[in-house]
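> Here is a sequence together with a model predicted from it:
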Amino acid sequence: QVQLVESGGGLVQAGGSLRLSCAASGNIFRINAMRWHRQAPGKQRELVASIIYGGSTNYADSVKGRFTISRDNAKNTVYLQMNSLKPEDTAVYYCNADVRPPYSRLSEDYWGQGTQVTVSS
């Protein structure tokens, strides 16, 4: 089993910054893609950013130029640096990872419990 634990959420004023972290632990050989999703009240969950093991990244258009995803493979941790935050960024942010366990060629999908980000106007 693998656990993903997010941290770093909170309340911030518009224009401010927050840094989210997500640490994976447990039965891990290698983590392939790591992603951040978010879900605002009454809306569907959306993919915010992703990063593969080699470091290539992708972003939703709504956060390009403001958010930066990064990872530390030695620590099995992914980060999301969020700058120039807007009220519409308010949501629960979830970490997601494709984890390859030892002695397996297949990856398994895991999710964190979510962390609340609230941006006031």
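That came through fine. Keep in mind that this is a model prediction, so the values were computed, not measured. Numbers count the residues shown, from 1 in each chain.

> What about residue 116, how many residues nearby?
Residue 116 is flanked by 12 other residues according to other C-beta atoms under 10 Å. Placement of C-beta: from N, CA and C, glycine included.

> Enumerate every residue touching the closest residue to it other than its chain neighbours.
Counting by C-beta to C-beta, 6 or more residues apart in numbering, residue 116 lies nearest to residue 9, which is 4.9 Å off, once chain neighbours are set aside. Taking C-beta atoms under 8 Å, 6 or more residues apart in numbering, we find residue 9 in contact with 18, 20, 93, 115, 116, 117.

> Which of these are buried? Put it as a PyMOL command.
Applying 16 or more other C-beta atoms under 10 Å to the contacts of residue 9 leaves a buried subset, and the PyMOL line that selects it is:
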select buried, resi 18+20+93+115+117
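
> Checking the residue positioned nearest the centre of the chain next. Helix, strand or coil?
Taking C-alpha atoms, centre = their mean, the centroid of the chain lies closest to residue 36, which sits 2.8 Å from it. Here residue 36 is recorded as strand under DSSP: H, G, I helix; E, B strand; the rest coil.

> wait, isn't it in contact with residue 92?
No: Residue 36 is beyond contact range of residue 92, at 11.1 Å (criterion: C-beta atoms under 8 Å).

> Now do the contacts for the residue at the greatest distance from the centre of the chain.
Note on the chain: the largest C-alpha distance from the chain mean falls to residue 103, namely 26.4 Å (C-alpha atoms, centre = their mean). Residues counted as contacts of residue 103 (C-beta under 8 Å, 6+ apart) are residue 29.

> Kindly indicate whether it is helix, strand or coil.
What three-state DSSP gives for residue 103 is coil.

> What distance do you get for it to residue 28?
12 Å (C-beta to C-beta, to the nearest Å).
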